[in-house]
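>>> Please work out how this folds:
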Amino acid sequence: MAGLTRTAGAFTVTPHKISVCILLQLYAPSAQMSLPFPFSSVSQHNRLGLYLLSLTKSCDDIFEPKLEDLLNQLREVGEDMDAWLTDHLTNRFSSLTSPDDLLNFFNDMRGILGSVDSGAAQDDQIILDPSSNLGMFVRRCILAFNLLSFEGVCHLFTSIEVYCREAHSSSAQYDASNDNLESLIQHDQMDMEKYIMDKATEEIELQKNASGSVPFHLHTPEALFKVTEGLLVTRKEKSRTNMKKTEATPLACASSSTADDTLVDESLFLRTNYQIQGCLMEQADAIETHGSSLSSSSIESFLQKLQNLAPELHRVHFLRYLNKLHSDDYFAALDNLLRYFDYSAGTEGFDLVPPSAGCSMYGRYEIALLCLGMMHFRFGHPNLALEVLTEAVRVSQQLSNDTCLAYTLAAMSNLLSEMGIASTTSVLGSSYSPGTSTASSLSVQQRVYILLKESLRRADSLKLRRLVASNHLAMAKFELMHVQRPLLSFGPKASMRHKTCPVSVCKEIRLGAHLISDFSAESSTMTIDGSLSSAWLKDLQKPWGQPVFSQESGSRKSSTFFQFCDHLVSIPGSVSQIIGASYLLRATSWELYGSAPMARMNTLVYATLFGDSSSSSDAELAYLKLIQHLALYKGYKDAFAALKIAEEKFLTVSKSKVLLLKLQLLHEHALHRGNLKLAQRMCNELGGLASTTMGVDMELKVEASLREARTLLAAKQYSQAANVAHSLFCTCHKFNLQIEKASVLLLLAEIHKKSGNAVLGLPYALASISFCQSFNLDLLKASATLTLAELWLGLGSNHAKRALDLLHGAFPMILGHGGLELRARAYIFEANCYLSDPSFSVSTDSDTVLDSLRQASDELQALEYHELAAEALYLMAMVYDKLGRLEEREEAAALFKKHITALENPQHEEPNMA
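Okay, here's the model as predicted:
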């Protein structure tokens, strides 16, 4: 049927759409039509309007209901006027006796649309706004009909006949008009392909009667149907399966449903190339959402069968590429990506629209380069990825593909932000520099900022709302991690502000979250929201109880209203993921700024509202943030219990976030309990997970080096620990890791403090505080201030008051937002300051010291930090001895001995999860 070919992204007129147009004529009749107004109240009219709105939004769905299903839904919606609606619909179809009647029908449809001179309409006339959802649907139908060829109109008329015959073949009411419709087949004789059409229809009917279902393709009907027959599971079943176990089903057609929820028999509809394309698109979304948690082998098996049976479906190669990409199979992913673009030139299923028809001869070369660059980025080849993306920028500019250029610039900025690339001059040159004279002086940080700004500007001009929101979040992350310096940082007007701006971070995050209000404006031909409205149509089969707008309904009115609006306010999954990512970024920013309650609150908001719709990677990150919060503020017992739940929920593979957090917690626990052998083993395993490629996995490499230095410090190998920390600082400086430099400087100060060189440790502590002030790291600044105070006290007891003043200045932040270890350190150091002060009398003010030590001892019990707990108990025993309270002194001494014994013999106790 050449006139009714329905390709991905095209809008074609179908019998179902004509049914909707007929109902729209009832909803808003034109002035020339003499139709009675059947609605007894405005509420009934509004109910039909809601129903029509859902039908128009689901017009692009891969499934279209039959006429019988539409009539059943009308009986649910129409209530007391259902007979009038169904009769008018069937009678209107019966009145279409020739293709000329279709032409007259669509000419009449123009009358229900309003115009600029809409004020001339009658007062009681209902008109449709051409820019509304219903008006846009009518305009699209009229335009699609006008584009049909003569053969296409004949095919449409024949399809209407089959559409009505299937619905009323068993109805006696339709028998009278059936002869009239059968007599109209003579008009189809004008079609030059009538014979082929009749044979195809006859074959479909025969196979339908024989097997109860219609195959996808006539050339491979049985085999292809068997491949997809077991894949029709409901969205409800799929979500229930994902909650119970991490392995998902091979393929789930999201638009299918059980017989209890809908009247549509799915096995009769999943049969066309267009429908397979829709299911493949949803499978691609599932692979990108769930990642490695899906069963790679089962997906590959299905895709291989589908490719053998329908080799013209080139998008199968792209799904195999995605599957291999998330399975970390580099060579198979590269092979399938090249095959996809070689066979189809990237013309199946991409959101990036070609800029013009004149560029079609080049295919989608720039999009292929973008995908190839992102693949190299995924597999840890930063320099190769940067070269490919630079070529993608050049080709996009040459072909004037502004959309691809905006996405490529965003990908390059993300690459430079995530990967450790010391210099980009040899690759990028001076294309994105404000002037060639300053191109060589631009740092990677400045290049990232320029790329982000350019991508944001282009995405905003092209109305790419999702990309705009993603760029705002990337800009917020950039503002959070980097101090903005002017490109020309000299002259009398050069800015002297060398600090990040939390207000700018908050502003960018809010702008990214604004996507929820305008996501429907995304300029993408592949954006289909029909599945959102189809869920509302299925709810019509559920019992409603009392009438919707009955005066006796009382309190049920509001609940029914929300039942109506529940699906109408749904948002696409990609939009939900971006909004959820904004909350995760909020949590990360509050972690860096030092507000533990705000970080925990935003993480809980994400886990509660976006946990089901987010990707598995983001959901895993949210869970791990909450587990880290438990470890810092509740102790290891609760943290390990929560980690066990996370391991059951998420698939633990190499370099997964769950595995990394487990190694970090085991390392911390081993250090606190004095088990240095286990701590070193955990540290080695953590470092072994990082890639050996320069600039890849920098965050993991920095974490492993920090923990190695801390392990050497706990073993009192001060020179080796200082060498590791110094080498790590050089690495952070080379790759512009500013926040990590503050932590390394603080570690160097700790090493010199414990080695007895307080004078050498003071500059490192002051430098760390300076970095913390530049990046607004308030909690880390409080910890550095505590270390600085400890260094001052290490210079002698005559500096006790200065050290105490520094501690009291940091006390509000430490006690308000610090974890158990930091608070315990502060309490113990406060007691040390008082005891070291010659003017302090223990006998007159002992409670000040004892209260701090008791508080520190209680908090260290949850951490099992034997060394600090022993120090607190030792000081308590000294105070009790000076006070003459011998019983309490012996009790504190016994506990002190217990902790020292546990510290010296850690092999007698095994960690909870080692």
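>>> Flag the shaky bits of the stretch 601-750 of the chain, pLDDT-wise.
Residue ranges of the stretch 601-750 of the chain with pLDDT under 70: 651-655.
>>> what ranges do the helices span in the stretch 601-750 of the chain?
616-633, 636-649, 657-673, 676-688, 698-714, 718-734, 738-754 (DSSP state H, counting those that start in this stretch).
>>> Next, the angle helix 718-734 makes with the last one.
Which is helix 738-754. 160 degrees (axes from the mean of the first three to the mean of the last three Cα atoms, to 10 degrees).
>>> pull the CA atoms of helix 738-754 into PDB?
This file holds the C-alpha atoms of helix 738-754, laid out as PDB (Å, rounded to 0.1, in the frame of the first residue of the first chain):
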ATOM      1  CA  GLN A 738      41.800  21.600  42.600                       C
ATOM      2  CA  ILE A 739      39.500  20.100  45.300                       C
ATOM      3  CA  GLU A 740      41.600  17.000  45.600                       C
ATOM      4  CA  LYS A 741      44.700  19.200  46.100                       C
ATOM      5  CA  ALA A 742      43.100  20.600  49.300                       C
ATOM      6  CA  SER A 743      42.700  17.100  50.700                       C
ATOM      7  CA  VAL A 744      46.300  16.100  49.800                       C
ATOM      8  CA  LEU A 745      47.700  19.200  51.500                       C
ATOM      9  CA  LEU A 746      45.700  18.400  54.600                       C
ATOM     10  CA  LEU A 747      47.100  14.800  54.500                       C
ATOM     11  CA  LEU A 748      50.700  16.200  54.300                       C
ATOM     12  CA  ALA A 749      50.000  18.300  57.300                       C
ATOM     13  CA  GLU A 750      48.700  15.200  59.200                       C
ATOM     14  CA  ILE A 751      51.900  13.300  58.200                       C
ATOM     15  CA  HIS A 752      54.200  16.000  59.600                       C
ATOM     16  CA  LYS A 753      52.000  16.400  62.700                       C
ATOM     17  CA  LYS A 754      52.300  12.700  63.600                       C
END
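>>> returning to what we had before: need the helices of the stretch 601-750 of the chain in TSV with mean neighbour count and distance to Leu74, can you?
Yep, even glycine has a C-beta here, placed from its N, CA and C like the rest. Converted to TSV, those look like this (neighbours: other Cβ atoms under 10 Å; distance: least, Cβ to Cβ, whole Å):
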stretch	mean neighbour count	distance to Leu74
helix 616-633	21	41
helix 636-649	17	44
helix 657-673	21	50
helix 676-688	19	63
helix 698-714	21	58
helix 718-734	17	67
helix 738-754	23	61
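>>> Is it possible to get JSON lines of these that adds distance to Thr86?
Below are the helices of the stretch 601-750 of the chain laid out as JSON lines (distance: least, Cβ to Cβ, whole Å):
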{"stretch": "helix 616-633", "distance to Thr86": "46"}
{"stretch": "helix 636-649", "distance to Thr86": "49"}
{"stretch": "helix 657-673", "distance to Thr86": "56"}
{"stretch": "helix 676-688", "distance to Thr86": "68"}
{"stretch": "helix 698-714", "distance to Thr86": "63"}
{"stretch": "helix 718-734", "distance to Thr86": "73"}
{"stretch": "helix 738-754", "distance to Thr86": "67"}
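>>> Quick one: closest of the ones you listed to Ser417.
Across the helices of the stretch 601-750 of the chain, the minimum distance to Ser417, taken as Cβ to Cβ, is reached by helix 698-714, at 10.9 Å.
>>> Which elements pack onto that closest one?
With contacts defined as 3 or more Cβ pairs under 8 Å, 6 or more residues apart in numbering; DSSP states H and E, the packing partners of helix 698-714 are helix 657-673, helix 676-688, helix 718-734, helix 738-754.
>>> If you drop the residues flanking it in sequence, what lies closest to Ala332?
For Ala332, ignoring the flanking residues on the chain, the nearest one in space by Cβ to Cβ, 6 or more residues apart in numbering is Lys324 at 4.1 Å.
>>> Tally up the residues packed near that neighbour, please.
By other Cβ atoms under 10 Å, 22 other residues sit near Lys324.
>>> which residues sit in contact with it?
Contacts for Lys324 were tallied using Cβ atoms under 8 Å, 6 or more residues apart in numbering; they are Ser296, Ala332, Ala333, Asn336.
>>> taking those residues one by one, which sit in helices?
Ser296, Ala332, Ala333, Asn336 (DSSP state H).
>>> how far off helix 738-754 does the longest helix along the chain point, in degrees?
The single longest helix within the chain, with elements called by DSSP H, is helix 573-593. Helix 573-593 runs at 30 degrees relative to helix 738-754, counting by the same axes, to 10 degrees.
>>> same for helix 573-593, what does it pack against?
Using 3+ Cβ pairs under 8 Å, 6+ apart, helix 573-593 is in contact with helix 273-290, helix 465-481, helix 502-513, helix 515-518, helix 596-609, helix 616-633.
>>> Need the winner for burial among these.
For the helices and strands packed on helix 573-593, the largest average neighbour count (mean count of other Cβ atoms under 10 Å) is found in helix 465-481, namely a mean of 23.
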